[in-house]
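1. Fold the stuff below for me.
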Amino acid sequence: MQIPLLPDIVIILGLSVLVILAFQRLKMPPILGFLLTGVIAGPHGLSLVNASHEVELLSEIGVILLLFIIGLEFSLKSLAAIKNAVFIGGSVQVIGTIALTALISSFTGFSWPEAIFMGFLFSLSSTAIVLKILQEKNAINSPQGKISLAILIFQDIIVVPMMLLTPIIAGKSDNVGLTLLILLGKAVLVIVFVIISARYVVPRLLYEVAKTKSRELFILTIVVTCFSVAWLSSSMGLSLALGAFMAGLIISESEYSHQATSNILPFREIFTSFFFVSIGMLLDVKFLFMHFPVIIGFTLLAITLKGIIAALATIALKYPPRVAFLVGFSLFQVGEFAFILSKTGIEYGILTPEINQYFLAISILTMGVTPFILGHAETLTDKLIKTPLTKGLTRFHHWQDNETEQMNVDNLKDHLIIIGFGINGQNVAKAAKKASIPYVIVELNATTVREQKANGEPIVYGDASSDVILSYLKVWSARVAVIAISDPVATKNIVSEIRKICRTVYVIVRTRFVNEIEENLQLGADEVIPEEFETSVEIFSRVLNKYLVPEEEINDFVYQIRKANYDMLRPNSNGFLKARTNAVSLNIPNIRITCVTVRQSDNEVVGKTLAESHLRKKYSVNLLAIERSGEFITDINQHTTIEHDDKIYLMGRPDNISALNGLLKV
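-> Presented below is the predicted three-dimensional model:
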């Protein structure tokens with residue numbers, strides 16, 4: 001039997017494998033590979049695919065699954081911690097981009113509805129590309145990473161109202177007021193439907209399904225929920241994409257959202273590949289080359305203006321210029337959701353085929369240069385920071401911030417400076433407080449500063465890579481400065497800036513990886529403590545402990561490694577292997593240390609002393625300790641009694657412990 005679509009699927013997926021394999025070697029995002037695959041295989045390329053309409057239908061499934069996953073990952077609870085960055089930063093970026101794009105578009109001959117819709121398209125950035133690159137650069141938890149993520153979340157949410165507003169902007173309604181009223185009514189129905197389903201219907205349904213322990217039934221239920229809500233949304237006159245988002249939102253509030261995400265992700269990856277391929281197939285390469293100067297000009301304009309607006313949105317959140325520039329370099333491109341929105345614009349006649357070709361070319365080019373610009377973002381930022389205008393802005397930004405001005409630092413002397421108030425910074429502050437060491441904290445998150453200031457912490461808002469902030473905190477009179485932030489580039493800048501001011505303060509740096517030690521030491525850090533190393537110390541300490549290596553030998557081993565300033569963990573070093581090769585020989589085979597709960601109330605062991613029960617003689621196990629009513633009994637002797645509900649810690653052979661456990665359990 002011949003399947004007409006099968007050759008096209010084989011061509012698309014096979015060509016995608018080759019293209020993406022090449023892109024992986026070039027360290028470029030797979031999305032760009034799918035777009036190029038579409039360009040090559042499409043009607044404007046080599047015309048390898050005949051069933052373009054069928055491929056577009058497959059891409060629609062990809063859009064549904066894409067928005068479904070966004071809905072699954074969208075949690076009102078998780079947004080509470082970054083709500084200011086999401087709604088303030090996101091609003092400034094989206095509204096600012098729409099307004100500026102609409103203004104420029106109106107001057108180039110677009111009508112106002114068309115100009116506003118162009119603003120919609122260019123206000124969206126690529127969540128997939130940006131987050132992937134930030135994760136690869138280990139910058140997702142840095143200030144710029146968190147702000148970029150927050151703005152991208154807002155964009156993912158706002159794309160749904162944009163879709164709903166497109167037919168109104170296109171003038172497809174004779175009575176705009178009535179249309180808005182109907183839209184509002186539908187929105188209310190949607191909200192009520194989501195609340196009822198999320199609280200009462202879906203969790204109960206998924207619970208019954210989960211009880212069957214059938215993976216197939218669970219996946220089928222999730223898929224049916226997704227497509228049925230999308231179909232319901234479409235039948236109400238709303239979009240399939242909105243329905244898919246609602247379906248994800250309904251499941252996201254249940255305890256099954258993570259499992260649903262893991263099950264749907266493989267399907268999403270396959271079908272969204274068809275979506276990006278279908279976008280690439282729409283690009284007319286001849287049109288691109290015929291209008292290349294104009295397209296390049298508008299591409300550069302889009303990159304510049306979007307970057308500036310994203311930077312201004314970051315400054316609106318009271319972050320310094322350095323973070324603002326890095327966010328601008330992250331969010332300048334046009335994103336994948338703009339392609340979905342453009343299809344809605346074409347459907348309602350607000351986007352002509354010619355303008356859509358311009359949009360596709362500009363969007364794909366901005367996405368294509370994203371990896372290269374983000375790869376050099378720190379270098380470009382350092383150059384911009386050194387300009388007179390930015391230096392003046394940095395000083396103004398600092399002295400105008402009331403969070404900093406309210407703190408009296410005149411009496412700071414021989415103090416500790418803690419840079420960054422994450423988990424590491426908080427623990428250092430607790431230790432300093434307990435030891436009565438005077439300290440001051442520098443933090444870039446304005447919300448954290450306000451909250452901790454209310455808690456009585458001596459905290460200052462500011463960027464520690466600024467000489468103004470460091471001078472304000474009297475770094476020259478401090479004894480120790482601890483840099484506990486997650487941005488490796490900012491860490492190096494701070495160390496360098498501190499050493500420009502003074503050489504006396506003792507600088508301790510927290511980094512993530514061992515390979516960052518040497519550069520920080522060369523810049524002037526006195527000690528560099530990588531999390532990677534400390535995690536390895538904790539792991540091998542516990543491993544040796546389980547092999548019953550004596551505690552003093554473990555401590556001696558850890559001391560030797562730390563004393564060697566991590567040389568044993570650096571490349572081309574085999575010290576780790578030589579340090580304790582006899583540790584494995586201390587392993588006692590077939591011996592287990594475990595905990596057993598006493599469930600029986602009366603037998604030959606329970607209620608008896610060890611002398612009466614002959615525990616050691618009968619069962620060949622040693623009683624090490626007893627936990628009773630939350631307290632530990634470690635002084636074990638022949639008069640010790642085992643009682644009901646005790647937790648007893650035993651050492652012995654596994655079969656002997658199992659035999660005793662059979663006696664003690666109900």
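
2. tally of neighbours for the residue nearest to residue 626 when sequence neighbours are not counted?
-> Spatial nearest neighbour of residue 626, excluding adjacent residues (Cβ to Cβ, 6 or more residues apart in numbering): residue 633 at 4.3 Å. The C-beta positions use only the backbone N, C-alpha and C, and glycine is treated the same way. Neighbourhood size, residue 633 [other Cβ atoms under 10 Å]: 14.

3. same check, this time on residue 381
-> 23.

4. Mind pulling up the pLDDT for it?
-> Residue 381 carries a pLDDT value of 86.

5. Then the one 4 residues further on?
-> At residue 385 the predicted local distance difference test score is 78.

6. And residue 332, by the same measure?
-> Per-residue pLDDT puts residue 332 at 93.

7. Ok, residue 2 next?
-> With respect to pLDDT, residue 2 has a value of 62.

8. next one: residue 310
-> Residue 310 is assigned 94 on the pLDDT scale.

9. Leaving aside the residues adjacent along the chain, what's closest to it?
-> Closest to residue 310 by Cβ to Cβ, 6+ apart is residue 331, at 4.1 Å.

10. which residues touch the one you found?
-> Neighbour list for residue 331: 93, 125, 130, 148, 151-152, 306-307, 310 [criterion: Cβ atoms under 8 Å, 6 or more residues apart in numbering].

11. and those residues as CSV, adding neighbour count, distance to residue 339 and secondary structure?
-> Compiled in CSV, the contacts of residue 331 are given as follows (neighbours: other Cβ atoms under 10 Å; distance: Cβ to Cβ, whole Å; DSSP: H, G, I helix; E, B strand; the rest coil):
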residue, neighbour count, distance to residue 339, secondary structure
93, 30, 19, helix
125, 29, 13, coil
130, 24, 16, helix
148, 30, 20, helix
151, 29, 19, helix
152, 25, 16, helix
306, 25, 16, helix
307, 20, 21, helix
310, 27, 20, helix
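
12. Farthest-apart pair in those, please.
-> Maximum pairwise distance in these, criterion Cβ to Cβ, is 14.7 Å, between 152 and 307.

13. Name the SS class of the residue positioned nearest the centre of the chain, please.
-> Closest residue to the average C-alpha location of the chain: residue 140 at 5.5 Å, with Cα atoms, centre = their mean. Following DSSP: H, G, I helix; E, B strand; the rest coil, residue 140 is assigned to coil.

14. And for the closest residue to it other than its chain neighbours, the neighbour number?
-> Distances taken as Cβ to Cβ, 6+ apart put residue 134 closest to residue 140, at 4.7 Å, once the chain neighbours are dropped. Neighbours of residue 134 under the rule other Cβ under 10 Å: 21.

15. Residue 490 versus residue 134, what's the distance?
-> Distance of residue 134 to residue 490, computed by Cβ to Cβ, to the nearest Å: 14 Å.

16. Residue 429 too?
-> 20 Å.

17. same thing with residue 595?
-> In terms of Cβ to Cβ, residue 595 sits 45 Å off from residue 490.

18. So between those two, which is more surrounded?
-> The residue with more neighbours, out of residue 595 and residue 490, is residue 490; 26 against 11, by other Cβ under 10 Å.

19. ok, now which ones touch that one?
-> Applying Cβ under 8 Å, 6+ apart, the residues near residue 490 are 142, 322, 465.

20. Contacts for whichever strand or helix holds the second one next, please.
-> Taking DSSP states H and E as the definition, residue 322 sits inside helix 321-330. Around helix 321-330, the neighbours that count as contacts under Cβ under 8 Å, 6+ apart are 125, 130, 134, 143-144, 147-148, 151, 306-308, 310-315, 319, 373-374, 377-378, 380-381, 384-385, 390, 393-394, 397, 444, 463, 465, 490, 493.

21. what helices or strands is the following helix or strand past that helix leaning on?
-> The helix or strand immediately downstream of helix 321-330 is helix 336-347, counting by DSSP H and E. In terms of contacts (3 or more Cβ pairs under 8 Å, 6 or more residues apart in numbering; DSSP states H and E), helix 336-347 is packed against helix 112-122, helix 127-136, helix 143-169, helix 257-282, helix 353-375.

22. Comparing these by mean pLDDT, which bottoms out?
-> helix 127-136 (a mean of 76).

23. So the chain: which segments form each domain?
-> Under the assignment automatic domain parsing, the domains of the chain span 6-379, 395-525, 533-586, 592-664.

24. among those, which gets the worst mean confidence?
-> Set side by side, the domains of the chain give their lowest mean pLDDT on domain 533-586, at a mean of 59.

25. count of neighbours near the closest residue to residue 420 other than its chain neighbours?
-> Spatial nearest neighbour of residue 420, chain neighbours left out: residue 485 (3.7 Å); criterion: Cβ to Cβ, 6+ apart. Neighbour count of residue 485, defined by other Cβ under 10 Å: 25.

26. Likewise for the one 3 residues further on?
-> The burial metric for residue 488, expressed as a neighbour count using other Cβ under 10 Å, is 20.

27. Phi, psi for it please.
-> Main-chain dihedrals, residue 488, degrees, to the nearest 10: phi -60, psi -40.

28. With adjacent residues omitted, what lies nearest to it?
-> Nearest one to residue 488, counting by Cβ to Cβ, 6+ apart, is residue 516 at 5.8 Å.

29. Relative to residue 145, how far out is the one you found?
-> To residue 145, residue 516 is 17 Å away according to Cβ to Cβ.

30. Name the residue in those two with the higher neighbour count.
-> Higher neighbour count among residue 516 and residue 145: residue 145, with 23 against 17, using other Cβ under 10 Å.

31. thought that one was touching residue 134?
-> Yes: assessed by Cβ atoms under 8 Å, residue 145 is found in contact with residue 134 at 5.0 Å.
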